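Asker: what follows is a predicted protein model with its sequence.
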Amino acid sequence: MGDIGAGGAERGNVVSGARGPKSGATRSIGVLLYRGFSLLSIGVVPEIFQLANEIAKQQCNGGLLYDVKLYSAQGGDVECSSSVNVWTQECDTTKSGGFDALFIADGSDLTDVTRDERVRQWLRVTIPATKIVSGIGKAADLIDMMQLRPDSYHSGLLQLDSDASPTKIPTSRGNRYEPTKTALALIGWDLGPEAVRDISRKLSGNGFATLTPLIADARADTAIEKVRASARWLKENCNRPISVSDAVNISAMSERNFLRCFKQEIGVTPSEYLLQARLDLTSRMLAETDFSIDRIAKSCGWTNGDRLAKIFRRRFSLTPSEFRQCERRNS
């Protein structure tokens, strides 16, 4: 899979300021469906990527940029809440290598999916190897319940105003357009904002007028915006074994420029920001759960309990267990 915003050869310099996957690369896009899924929240995603493929083909004479595949527990026809059947592939762990982006539909029958061990195992294998996961409502709950992530998934590419308060920012649990925004954001990084505007215009003409306000969420025009987006991505993915190099790739900036701009805009280095995000998440899990230290360490991006213990002794002069006891005594 192509790295998001990775350096190297750009895909034909399609749009000024755009930095897509390496030349000739194809992004793998997965969409998980199930009986009764909401077509309103997820149905437009494949159409968005199809339009993006048409733009990429016209502008850079390349091959397929986005390879979209639909999945379900058993494969075959899956009926959505509007009684429309969609053909899908089976969730097969032996053929799953992760995706550049995975979209999980929301809907009334998601509870049935949680009981299907094939889907659960497929997600356990697929999500750790996937770069972006977008799920709303019960889809986010499914990921939480399986403890694949302490918090609900959000796109690391969405551009939100720096002064937006938590009450103003729509989360992936409450915003049914989250998959659409994530798809547009990824295309914006690959092909540039003009491609996003073009896609939105075409979809608006086909009855998707609600997409127009989402254009701003897919922009990545300035270094400051890219740094802020990377900072959000670090915070939202700190539970995974990511590194600052991954954030550099997300930013589509040179490493030197990224490090300089990040320190200037955020106030700390990316390494310190990632460390603090992991410490905050770890502290909450120690105080609020009874999970083992090793399990918390793996859930917060520390790899193992020994590394977590070293960090805590260095930062707090306490072991994780001692920190947990102190937090509970003071609560």
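Answerer: In hand now; what should we look at? Values in this document were obtained by computation on a predicted structure and should not be read as measured data.

Asker: how about the helices of this protein, start to end?
Answerer: Along the chain, counting by DSSP state H, helices occupy 39-42, 44-60, 110-114, 117-126, 138-145, 178-191, 193-205, 223-236, 244-251, 255-266, 270-288, 293-299, 305-316, 320-330.

Asker: most packed of those helices?
Answerer: helix 178-191 (a mean of 28; mean count of other Cβ atoms under 10 Å). Where C-beta positions appear, they are placed from N, C-alpha and C, glycine not excepted.

Asker: what is that one packed up against?
Answerer: Under the contact criterion of 3 or more Cβ pairs under 8 Å, 6 or more residues apart in numbering; DSSP states H and E, helix 178-191 touches helix 39-42, helix 44-60, strand 101-104, strand 132-135, helix 193-205.

Asker: coming back round to it: ok, which of the helices of the chain comes nearest I104?
Answerer: For I104, the closest of the helices of the chain is helix 138-145, at 4.0 Å, according to Cβ to Cβ.

Asker: what about that closest one, average pLDDT?
Answerer: Across helix 138-145, the average pLDDT comes to 63.

Asker: repeat for stretch 277-291
Answerer: Mean pLDDT, stretch 277-291: 92.

Asker: kindly report the same for stretch 243-261.
Answerer: Mean predicted confidence for stretch 243-261 is 83.

Asker: related to what we said a few turns ago, got the helices and strands packed on helix 178-191 as JSON lines, with mean pLDDT and distance to M285 columns?
Answerer: Formatted as JSON lines, the helices and strands packed on helix 178-191 follow (pLDDT from 0 to 100; distance: least, Cβ to Cβ, whole Å):
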{"stretch": "helix 39-42", "mean pLDDT": "74", "distance to M285": "29"}
{"stretch": "helix 44-60", "mean pLDDT": "86", "distance to M285": "32"}
{"stretch": "strand 101-104", "mean pLDDT": "88", "distance to M285": "23"}
{"stretch": "strand 132-135", "mean pLDDT": "78", "distance to M285": "20"}
{"stretch": "helix 193-205", "mean pLDDT": "76", "distance to M285": "37"}
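
Asker: tabulate the ones you listed in JSON lines, adding columns for distance to R124.
Answerer: Below are the helices and strands packed on helix 178-191 laid out as JSON lines (distance: least, Cβ to Cβ, whole Å):
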{"stretch": "helix 39-42", "distance to R124": "21"}
{"stretch": "helix 44-60", "distance to R124": "23"}
{"stretch": "strand 101-104", "distance to R124": "13"}
{"stretch": "strand 132-135", "distance to R124": "13"}
{"stretch": "helix 193-205", "distance to R124": "33"}
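
Asker: looking at the ones you listed, which is closest to E272?
Answerer: Comparison of these against E272 by Cβ to Cβ identifies strand 132-135 as nearest, at 24.4 Å.

Asker: quick one: buried residues of the closest one?
Answerer: 132-135 (16 or more other Cβ atoms under 10 Å).

Asker: give me the residue at the spatial middle of the chain.
Answerer: The centroid of the chain falls nearest to I132 when counting by Cα atoms, centre = their mean (2.9 Å).

Asker: for the nearest residue to that one once chain neighbours are set aside, give the beta-bridge partners.
Answerer: Leaving aside its chain neighbours, I132 sits nearest to A101 (4.3 Å; criterion: Cβ to Cβ, 6 or more residues apart in numbering). Beta-bridge pairing for A101 (DSSP bridges): I29, I132.

Asker: and for A101, the neighbour number?
Answerer: Residues lying near A101 (other Cβ atoms under 10 Å) number 27.

Asker: how is the chain partitioned into domains?
Answerer: Taking automatic domain parsing as the domain assignment, the record places the domains of the chain at 27-221, 222-331.

Asker: S134 is in contact with D100, isn't it?
Answerer: No: using Cβ atoms under 8 Å, S134 is not in contact with D100; the gap is 11.8 Å.

Asker: give me every residue that touches G305.
Answerer: Contact analysis of G305 by Cβ atoms under 8 Å, 6 or more residues apart in numbering lists 292-294, 296-297, 320.

Asker: I'd like those as TSV, with distance to E255 appended.
Answerer: Below are the contacts of G305 laid out as TSV (distance: Cβ to Cβ, whole Å):
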residue	distance to E255
S292	36
I293	34
D294	33
I296	31
A297	28
P320	32
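
Asker: closest to S254 out of the residues you listed?
Answerer: Nearest to S254 among these: A297, at 32.8 Å, using Cβ to Cβ.
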